[in-house]
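# sequence unknown, structure follows:
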């Protein structure tokens, strides 16, 4: 169980029982009694009360919990759902831990509300995963999760941090109209088919090292737009395998970072770039991003949670703004050579029929 203790329930015996002795709740027997299982599930939930309801490694013959309210901290760690899991419109008032869980059929979590932590790290979704219009009030963790079929996060709301680090989307990833109120991490995530973030809202979204193997759409996506010297979005070290199928349309990229990312064939249509002070001409944010402070959170704003700040630094330091720092023996304030490479790539793209890369002449003069 979650606390390391043995289950203590009687051994389940059946025609398809596992060679390893297991109770009814942990047996993978496909013909075990669903009624008996659900009865014991309700007992476990009731005993948990407002504490912990431990369903660690349970093997669910069915899971029809649509509209249910779970008052206990629910631990579904390493659980297996043999049929479709229905948590539509369910409410988890405390933490919901699905870490390492396996969903063999569709996972229905549309309009579910996760009032505390929603943990799906290392979860495996063998069929469609639907989190459309779901609300994550606290941190949402999908680190190393595998989405074998389509992943729907249409209009999902992430009120705190959203972690999709090293997640694998084998089919389509739908984040249209999703709202990321705080930081959204897709560090080294892999999108193997369509990745659609159109009309999504995010003040700080990180795609450092992410791989887009198929089309990617950012149509009308609302990225960061303020007067602070902090980035959003961040595509440093991201890879676009089909750049001709990647489009940024009617979005603001004045605080985007694209260095160490080949954007020479990416489509930029009707996008807005940062304007150079005095002349009003366009420029990339790499010239102005703050290289000293990696985030804009102070302890007062984040209740003194330094762990979050260190985590943000860890994700950006190795691959992001640090690469823009000049060599120790350089008199320059940043690596203008790296920035010039970005301008040279942008020379090959157009924005509203104009080439932003022409500003490379300014950079060349500066780093000489």
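Here it is on my side, so go on. Remember, predicted model here, so these are calculated numbers, not experimental data. Numbering: from 1, shown residues only.

# drop to CA atoms for contacts and neighbour counts, all remaining ones
Fine.

# tell me who's in contact with residue 69.
90-93 (C-alpha atoms under 8 Å, 6 or more residues apart in numbering).

# repeat for residue 211
188-192, 238-241.

# go with 7 Å
The neighbours of residue 211, taking C-alpha atoms under 7 Å, 6 or more residues apart in numbering as the test, are 188-191, 238-240.

# now do the buried residues in stretch 218-229.
Of the residues in stretch 218-229, 218-225, 229 count as buried by neighbour count, 16 or more other C-alpha atoms under 10 Å.

# contacts for it?
Residues outside stretch 218-229 that contact it (C-alpha under 7 Å, 6+ apart): 196-204, 232-233, 247-252, 255, 288-290.

# which among the residues you listed count as buried?
With neighbours counted by 16+ other C-alpha under 10 Å, the contacts of stretch 218-229 contain buried members at 196-204, 232-233, 247-252, 255, 288-290.

# just the ones of those residues in strands?
Using DSSP state E, 196, 201-204, 247-249 are the members of those that sit in strands.

# could I get those as TSV with distance to residue 131 and pLDDT?
Output for those, formatted as TSV (distance: C-alpha to C-alpha, whole Å; pLDDT from 0 to 100):
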residue	distance to residue 131	pLDDT
196	15	99
201	17	98
202	18	95
203	21	86
204	21	91
247	25	97
248	25	97
249	25	97
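
# I'd like these as TSV, with distance to residue 47 appended.
Below are those laid out as TSV (distance: C-alpha to C-alpha, whole Å):
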residue	distance to residue 47
196	43
201	41
202	40
203	42
204	41
247	52
248	52
249	53
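
# nearest to residue 340 among the residues you listed?
For those, the closest approach to residue 340 (C-alpha to C-alpha) belongs to residue 248, at 21.2 Å.

# isn't the closest one right next to residue 267, touching?
Yes - contact status for residue 248 versus residue 267: in contact at 6.2 Å, counting by C-alpha atoms under 7 Å.

# which residues touch residue 243?
Taking C-alpha under 7 Å, 6+ apart, we find residue 243 in contact with 265-266.

# angles on the backbone of it, please.
phi -60, psi -30 (degrees, to the nearest 10).

# what about the spatially most central residue of the chain, distance to residue 184?
Per C-alpha atoms, centre = their mean, the C-alpha nearest to the average position across the chain is that of residue 164, at 3.0 Å. Going from residue 164 to residue 184 by C-alpha to C-alpha, to the nearest Å gives 8 Å.

# ok, now residue 217?
According to C-alpha to C-alpha, residue 217 and residue 184 sit 17 Å apart.

# cool, residue 71 as well?
Look at residue 71 and residue 184: by C-alpha to C-alpha, they are 27 Å apart.

# among the two, which residue is more densely surrounded?
Counted by other C-alpha atoms under 10 Å, residue 71 and residue 184 do not tie: residue 184 has more neighbours, with 24 against 19.

# so what's the gap between whichever helix or strand the more buried one is part of and the chain middle?
Using DSSP states H and E, residue 184 sits within strand 179-185. Remark: strand 179-185 is offset 8 Å from the chain centroid, using C-alpha atoms, centre = their mean, to the nearest Å.

# can you name every helix or strand that that strand contacts?
Judged by 3 or more C-alpha pairs under 7 Å, 6 or more residues apart in numbering; DSSP states H and E, strand 179-185 is in contact with strand 157-158, strand 162-163, strand 201-206.

# what strands flank that strand, and is each parallel or antiparallel?
Note on strand 179-185: by DSSP bridges, its sheet partners are strand 157-158 (parallel), strand 162-163 (parallel), strand 201-206 (parallel).
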